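curious how this folds, go ahead:
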Amino acid sequence: MAALMTAAACAPADLGPLPPRFSGPALPADTAVSEIISVLAAEGVEVEREPSNSLGRCYERLLGRHAPETVNAALKAAFARARSEYGWQPGPDTGAQALSLTKGNWTVLAALPVQPPQGAQTPVLVSLTCVDGGDASPSPGAPGT
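Residues are numbered from 1 along each chain as shown. Alright, predicted model coming up:
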């Protein structure tokens, strides 16, 4: 009986439900991908959406190539355009060699090439990850284009 009384007295207070892991409504994958492809294209960075093959996770990849002389400036301008035109917010600090954005349940990351190869097109990889799959994933069997 004494142990029960001690446990009850030491139990932490109920602080209520946990806050949501993201703010705002969940953003569908197609919308998030479309917005990012649009801002990249506006800056001359052409990427293609890879099919999402990860079951149970919300993950999208955009792959493309761009001229090495302007790839970093184009990616920075595209991320700035996403903030101004679509309301994306700065994402978590990933260091000087990467860019990040968040909106709703999505985080977008792109690495800036440290030393792009001269004369060859520089690979561009943009990753989109969502916090909570929910309605954000495309329907099973949806094309990845």
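
let me know the secondary structure of Arg65.
Secondary structure, DSSP: H, G, I helix; E, B strand; the rest coil: Arg65 is strand.

pLDDT value on the closest residue to it other than its chain neighbours, please?
In this structure, Arg65 finds its nearest non-sequential neighbour in Gln121, 3.6 Å apart by Cβ to Cβ, 6 or more residues apart in numbering. Using the backbone N, CA and C atoms, a C-beta is placed for each residue, glycine as well. In this model, Gln121 is scored at 86, pLDDT.

Val47: neighbour count?
Look at Val47: counted by other Cβ atoms under 10 Å, it has 21 neighbours.

just the one 5 residues further on next, same as before
Per other Cβ under 10 Å, the neighbour tally for Ser52 reads 18.

cool, Gln118 as well?
The burial count for Gln118: 8, using other Cβ under 10 Å.

phi, psi of the nearest residue to it once chain neighbours are set aside?
Spatial nearest neighbour of Gln118, excluding adjacent residues (Cβ to Cβ, 6+ apart): Pro68 at 6.3 Å. Main-chain torsions, Pro68, degrees, to the nearest 10: phi -60, psi -30.

which ones are touching Ala74?
40, 43-45, 66 (Cβ atoms under 8 Å, 6 or more residues apart in numbering).
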